[in-house]
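Asks: can't give you the sequence, but here's the structure:
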């Protein structure tokens, strides 16, 4: 028994050494064998046997929309979804993404727009991943969703379509999306800088008086400072949305600040109704 075990161990060592030394040759042999199989995979009548493979580039899958749709969790299949053209395996979140579950709408497709609109009633493949018309804030929200999936789930590859071509290269559309995302990130950085420089007002609402905004040495988010300031509208870059900022007296003439209607410019509190 000892002699047999010894010989078996010796054979395994020799095989391991040969596999290490001739690794490239062994791989080539398998590739040749696979190619020959595909060449001769025919029926008795001479018709070709349909053999389908999901195309890969290294370890990254390239999936067509039709292929992605098959990863739906049914009959034990993996569960994939795509976001901004990136494909993730969410199988371990089956209680959320499995058939009949709350996020199953996203499975087997790229429904990027619905991540920020919350529209789950209808799915239109022509518009479901068309994100260029979204607001900057929505693009930032989508970027956060992508970071979430990159952190919590396994990245599998790319969806051939709007964001990636058949070779896995970024499309012109993808480049436009990235440019808009960059603009949104810079705009947010500017807003954050302004809000840090000009703290938010204290705000309260009552049915009798409407919304009240006022300034004290402590901002609405609890940050203390050495001055109180005066409430002003500080508009975002789109010139549509604003927040209430407390502004030092010396800077009240800056055109980016707007006074509240029916409120004395020197008042430290104002009332308004939406």
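Replies: Yep, that arrived. Keep in mind the model is a prediction, meaning the values are calculated, not measured.
Asks: per-residue confidence at residue 254?
Replies: In this model, residue 254 is scored at 90, pLDDT.
Asks: In contact with it, which residues are there?
Replies: residue 247 (CB atoms under 8 Å, 6 or more residues apart in numbering). To be clear about C-beta, it is placed using only N, CA and C from the backbone, and glycine gets the same treatment.
Asks: Make sure it is indeed in a strand.
Replies: No: per DSSP: H, G, I helix; E, B strand; the rest coil, residue 254 lies outside any strand segment and is coil.
Asks: all helices for this structure, in order.
Replies: 2-21, 23-40, 65-69, 94-97, 114-117, 136-152, 172-197 (DSSP state H).
Asks: Where among those helices is average confidence lowest?
Replies: helix 23-40 (a mean of 42).
Asks: how much space is there between the closest residue to residue 65 other than its chain neighbours and residue 185?
Replies: With CB to CB, 6 or more residues apart in numbering as the criterion, residue 65 has its nearest non-adjacent residue at 6.1 Å, and that residue is residue 161. In this view, residue 161 and residue 185 are 25 Å apart by CB to CB, to the nearest Å.
Asks: Where does pLDDT dip in the stretch 151-274 of the chain?
Replies: 220, 237-240 (pLDDT under 70).
Asks: Show me where it has its strands.
Replies: For the stretch 151-274 of the chain, the strands defined by DSSP state E, counting those that start in this stretch occupy 154-159, 202-206, 210-214, 230-235, 242-247, 257-258, 269-272.
Asks: Including distance to residue 131 and mean neighbour count, could the ones you listed go into a markdown table?
Replies: Converted to a markdown table, the strands of the stretch 151-274 of the chain look like this (distance: least, CB to CB, whole Å; neighbours: other CB atoms under 10 Å):
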| stretch | distance to residue 131 | mean neighbour count |
| --- | --- | --- |
| strand 154-159 | 14 | 21 |
| strand 202-206 | 32 | 12 |
| strand 210-214 | 33 | 17 |
| strand 230-235 | 25 | 22 |
| strand 242-247 | 26 | 22 |
| strand 257-258 | 32 | 14 |
| strand 269-272 | 34 | 18 |
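Asks: Among the ones you listed, which comes closest to residue 142?
Replies: strand 154-159 (15.0 Å; CB to CB).
Asks: same for that closest one, what does it pack against?
Replies: Applying 3 or more CB pairs under 8 Å, 6 or more residues apart in numbering; DSSP states H and E, one finds that strand 154-159 makes contact with strand 60-63, strand 86-89.
Asks: Not counting it itself, show me its contacts.
Replies: 56, 60-65, 68, 80, 82, 85-89, 110, 149, 164, 168.
Asks: Ok, stretch 100-117 next?
Replies: Stretch 100-117 has contacts (CB under 8 Å, 6+ apart) with 65, 68-73, 79-85, 90, 93-98, 119-120, 123, 125, 127-131, 134, 138, 141-142, 145, 159, 161-162.
Asks: And these, which of them are buried?
Replies: Among the contacts of stretch 100-117, those buried by neighbour count (16 or more other CB atoms under 10 Å) are 65, 68, 71-73, 79-85, 90, 93, 97-98, 128-129, 131, 134, 138, 142, 159, 161-162.
Asks: what's the domain layout of the protein?
Replies: Domain ranges of the chain: 61-193, 198-272, per the TED database.
Asks: got the strands of the stretch 151-274 of the chain as CSV, with distance to residue 189 columns?
Replies: Shown next, in CSV, are those (distance: least, CB to CB, whole Å):
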stretch, distance to residue 189
strand 154-159, 27
strand 202-206, 24
strand 210-214, 25
strand 230-235, 15
strand 242-247, 16
strand 257-258, 20
strand 269-272, 28
